[in-house]
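Colleague: Pasting the sequence and the predicted coordinates here, then a few questions.
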Protein chains: 2
Amino acid sequence: MRATLLHGAGDVRVEDVPDPVLAGPSDALVRVTAACICGTDLWPYAAMPAGSGPARMGHEFIGIVEATGAEVSTVKKGDLVVAPWFISDGTCEFCREGQYTSCTHGGMWGNGPYDGGQAEAVRVPFADAMLVRLPVGADSALMPSLLTLSDVFGTGYHAAVAGGVTAGSSVTVIGDGAVGLLAVLSAKRLGAEQIILMGRHKARTDLGREFGATDVVSARGQEGVELVRQLTGGQGTHVVLEAVGTRAAYDQAVGAVRRSGTISRVGVPQYEEAPIGPSSLFRYNVRLAGGAAPTRAYISQLMPDILNGTIEPGKVFDTSTDLAGVPAGYQQMADRESLKVLVRP
Amino acid sequence: MRATLLHGAGDVRVEDVPDPVLAGPSDALVRVTAACICGTDLWPYAAMPAGSGPARMGHEFIGIVEATGAEVSTVKKGDLVVAPWFISDGTCEFCREGQYTSCTHGGMWGNGPYDGGQAEAVRVPFADAMLVRLPVGADSALMPSLLTLSDVFGTGYHAAVAGGVTAGSSVTVIGDGAVGLLAVLSAKRLGAEQIILMGRHKARTDLGREFGATDVVSARGQEGVELVRQLTGGQGTHVVLEAVGTRAAYDQAVGAVRRSGTISRVGVPQYEEAPIGPSSLFRYNVRLAGGAAPTRAYISQLMPDILNGTIEPGKVFDTSTDLAGVPAGYQQMADRESLKVLVRP
């Protein structure tokens, strides 16, 4: 079959790889009907050392079950299913608490023995735990929105949930990428009253306004922080959802959060150390929350509003391609010409 | 009157200062009947540069109201009262939320215009908001326990509340100082099932066991972390209460916390930057909580169990002195000969 491989920074190729096969009784084989490129994919695309690959790419997909192992009972051949971005067994003590990304048997698509989702097919381990059946056909117009349940919507939603967004909250969202925009939608869904989106790409911040942003701040750094404070009577917002992952974005979050408020991060930090002492978090009891999003926990919760048309998170896809177009898609996202690329293998 | 002044590292003196007077209509004058020395006082005692003082010392006290300003209505002359360690107006948006240490008119005893508590008398600003009447006499045997409501018990309790300790939680408490021991008592009060106290002073950890610790780990660093993991099936505890404030204590907290758990800090951080990225907090959704404790919020909540004898937080006082003995008390606490020193001016 054809699959996407990253050979080094800037070097994505679609190549022939062996067809996946059932390797254990809890596996399923899924023929991919929709996948996408994630902002997270852009980090290795920017920086992977040559020779450390190739790596299978893609961790968001919808597809049709083609075969199942003997122990699989919740999905069957022909089912249309969505899988979360993180592999979890569904049965360990953390999975039972809904903390799927803390799974003691956790893994990542494209790592170790696992296929990538930007491909024609995928072997899915722990299929009963991983796959959620979609009650529509593969040609449904809802496909882009349903695909966001795999990662990007669930990640934005996790930011808002972990940040404790509730009715009446004021919220700053840092980042106008797809996760940031869906963090806006999530904050709105949880009842936030004021949602300030920090981003500088008008087409994206316009979509942010459509998703529920009440204000847009395009300035960054201290200037951006000052504008957030002006919009909040000098106090900052109860919650800051940080959907970028750079140290600059974290510093902006510290500047924009209200005393006794919460910073919730879902952008994978590209730093390890950062200020958390008396001058940043401690003095005013600012909480730090978030992390690798257990999106599996949110699929069933968020799906109904997609199915009934209340929300349309799939609007974050502004480009569509076949597998052959994936390398160009990476470059378009890296160049910020595309917000998010949908792949139909 | 006599009051405690810090002139520089290691140089505490009890000296004559002007008697306090009512400076505004919301003030009260309180004659101090019980005060104490705090672990926090030991930081400037260890490191204050000569010539930057003198500074009035003490932020925990009980006393008798001697006079009140025209606007004071909740306490009157003759009342025995306790005051919290942080000065807050009780009316700003943060105080109304119970976040007294975020008060927009907040201040510290001994700073700026404010007296210190290790003295014969104190002018109390915002007296209606600050002072809580004690329904006992100044000679009550409950005095040591009631005095802990000012700071040390409320701070340990804040650690546990901010950390989300609840029925069935497993908890690690880092530090066998008075705050750490009262964090143990607080975790027990909130229903924690397993409470691992990390400390190396047997007399203190014995009191910790009396307060509810189920296990004591005397090793520090990676060795201590390994022992906590052995006591928790390899997973660490749901909550870690960090009551020391050093970077080493923070690193220990990161090592001892369970995936998806919470580190709650109340020891004033003696560092600003520390690890919070993928390798420490982010990967497994570990939350960071805590900060300067709004103990005013907990006084009424914790007092009944002291009055009815259910809990005895005053056991952290192992030394008692008059004002003249305060300088020796600082040295005893710095030398770890005393756990906490009670002062009866």
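Modeller: Yes, it's here. Numbers count the residues shown, from 1 in each chain, chains lettered A, B, ... in the order given.
Colleague: gap between A:Gly212 and A:Asp151?
Modeller: Shown here: A:Gly212 relative to A:Asp151, a distance of 20 Å by CB to CB, to the nearest Å. In short, each C-beta sits where N, CA and C put it, glycine included.
Colleague: Over to A:Glu120?
Modeller: From A:Glu120 across to A:Asp151, the span is 20 Å (CB to CB).
Colleague: Which of the two has more residues huddled nearby?
Modeller: Using other CB atoms under 10 Å in any protein chain shown, the more surrounded residue of A:Glu120 and A:Asp151 is A:Asp151, with 27 against 18.
Colleague: which non-adjacent residue is nearest that one?
Modeller: A:Trp85 (3.8 Å; CB to CB, 6 or more residues apart in numbering or on different chains).
Colleague: pretty sure the one you found contacts A:Gly107?
Modeller: No. A:Trp85 is not in contact with A:Gly107 according to CB atoms under 8 Å; the separation is 11.1 Å.
Colleague: The residue most central in space within chain A: what's it in contact with?
Modeller: The centroid of chain A falls nearest to A:Val152 when counting by CA atoms, centre = their mean (2.7 Å). Neighbouring residues of A:Val152 by CB atoms under 8 Å, 6 or more residues apart in numbering or on different chains: A:Cys36, A:Cys38, A:Glu60, A:Ala178, A:Val179, A:Leu182, A:Pro313, A:Val316, A:Lys340.
Colleague: Just these: which are in strands?
Modeller: Counting by DSSP state E, the part of those found in strands is A:Cys36.
Colleague: how deep is the residue nearest to A:Asp151 tucked in, by neighbour count?
Modeller: Neighbourhood size, A:Trp85 [other CB under 10 Å]: 25.
Colleague: Pull up the gap between it and chain B, please.
Modeller: 14 Å (CB to the nearest CB, to the nearest Å).
Colleague: can you check A:Gly221 too?
Modeller: Separation of A:Gly221 from chain B (CB to the nearest CB) stands at 18 Å.
Colleague: quick one: that residue and A:Val254 touch, right?
Modeller: No. Look at A:Gly221 against A:Val254 with CB under 8 Å: they stay out of range, at 11.7 Å.
Colleague: So if I had to pick from the two, which one is more boxed in?
Modeller: Set A:Gly221 next to A:Val254 and count neighbours by other CB under 10 Å: A:Val254 wins out with 20 against 11.
Colleague: Point out the least confident one among the contacts of A:Val152.
Modeller: Least confident entry in these, by pLDDT: A:Cys38, with 93.
Colleague: so who does that one touch?
Modeller: A:His59, A:Glu60, A:Trp85, A:Asp151, A:Val152, A:Lys340.
Colleague: so which of the residues you listed comes closest to chain B?
Modeller: The shortest approach to chain B among the contacts of A:Cys38 belongs to A:Trp85, at 14.1 Å (CB to the nearest CB).
Colleague: got a list of what that closest one touches?
Modeller: Contact partners of A:Trp85, counting by CB under 8 Å, 6+ apart, are A:Cys38, A:His59, A:Glu60, A:Trp109, A:Ser150, A:Asp151, A:Gly154, A:Thr155, A:Ala293, A:Thr295.
Colleague: quick one: the fifth one from A:Val341, how far?
Modeller: Taking CB to CB as the measure, A:Ser150 and A:Val341 are separated by 14 Å.
Colleague: higher neighbour count, the two?
Modeller: Each of A:Ser150 and A:Val341 has its neighbours counted (other CB under 10 Å); A:Ser150 has more, 28 against 24.
Colleague: Touching, the more buried one and A:Glu60? I think so.
Modeller: Yes. At 3.8 Å, A:Ser150 counts as touching A:Glu60 under the criterion of CB under 8 Å.
Colleague: shared neighbours of those two, which are they?
Modeller: What both A:Ser150 and A:Glu60 touch, as defined by CB under 8 Å, 6+ apart, is the set A:Cys36, A:Trp85, A:Gly117.
Colleague: Quick check: pLDDT value at A:Gly267.
Modeller: Looking at A:Gly267, its pLDDT is 89.
Colleague: For the nearest residue to it once chain neighbours are set aside, give me its contacts.
Modeller: Distances taken as CB to CB, 6+ apart place A:Gly245 nearest to A:Gly267, at 3.1 Å, with adjacent residues excluded. Residues in contact with A:Gly245 (CB under 8 Å, 6+ apart) are A:Arg265, A:Gly267, A:Val268, A:Pro269, A:Gln270.
Colleague: Spell out which residues of chain A are next to chain B.
Modeller: Residues of chain A lying near chain B by CB under 8 Å from any CB of the partner chain: A:93-94, A:97, A:99, A:101-102, A:162, A:235, A:259-260, A:265, A:268-269, A:271-292, A:294.
Colleague: try 6 Å
Modeller: With CB under 6 Å from any CB of the partner chain as the criterion, chain A meets chain B at residues A:94, A:99, A:102, A:259-260, A:269, A:271-279, A:282-285, A:287-289, A:291-292.
Colleague: Give me the distance from stretch A:59-71 to the chain's centre.
Modeller: How far stretch A:59-71 lies from its chain's middle: 20 Å, per CA atoms, centre = their mean, to the nearest Å.
Colleague: what about the strands in the stretch 151-300 of chain A?
Modeller: For the stretch 151-300 of chain A, applying DSSP state E, counting those that start in this stretch gives strands covering A:170-174, A:194-198, A:215-217, A:237-242, A:257-265, A:273-275, A:287-290.
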